[in-house]
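Asks: I'll drop the sequence and a predicted model, then ask my questions.
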Amino acid sequence: LAAPDAGWAGRGWLENGGHLRREAEGFRLTPDSEQAGSDSYPGVFREPAVRDWRQMVALESAMYWPGEASAIMGLRVDDRRGNPPYAERFQQEFAVTQGWNQIRIAVEELSLTSGGRPFRLDHVVHWGVFLVSDVPVDYFLIRSVQLIVPEEQP
């Protein structure tokens, strides 16, 4: 879904409340300073290269949080175009602490939207990561974001 060392990695991002750039350790999101303290939820979003997630096991990534104080991040996945309301999308929040934080969301968890509607795993149109907490931060990093396929049985 996102690999910082891939040639296509810098294209197709929608930046919200910040600026994204690729670095050796991952994607660096620098929030807009004028957005600090607002409801901007700085983050990045993109369309997936793979839209059918039914056969996947999990979505995995890692995030680097530089701040001493912990923060809440969000991962959002949409099966409808536009900007569906909270109840009509999958959204999961998680705490991050200083350093690298591993993220793994089982695809079974994605089977319902936040409002309880069955989520169309065969029609994923958008995903993203964003800062939920209203905390000052200079940047945060996102490592490769990948879908994990089932292991083949011998």
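Replies: Nice, thanks for sending it over.
Asks: And the closest residue to Val132 other than its chain neighbours, how close does it get to Arg80?
Replies: Among residues not flanking Val132 along the chain, Ile72 sits closest, at 4.2 Å (C-beta to C-beta, 6 or more residues apart in numbering). Using the backbone N, CA and C atoms, a C-beta is placed for each residue, glycine as well. Ile72 is 24 Å from Arg80, where distance means C-beta to C-beta, to the nearest Å.
Asks: sec struct for the residue nearest to Val132, please.
Replies: What DSSP: H, G, I helix; E, B strand; the rest coil gives for Ile72 is strand.
Asks: Wait, it touches Glu93, no?
Replies: Yes. Ile72 lies in contact with Glu93 (C-beta atoms under 8 Å); the separation is 5.3 Å.
Asks: hey, what's in contact with both of these two?
Replies: Common contact partners of Ile72 and Glu93 (C-beta atoms under 8 Å, 6 or more residues apart in numbering): Val132.
Asks: Identify the residue nearest the geometric centre of this structure.
Replies: In the chain, the residue lying closest to the centroid (C-alpha atoms, centre = their mean) is Val129, at 2.7 Å.
Asks: Could you check the pLDDT of that residue?
Replies: Val129 carries a pLDDT value of 95.
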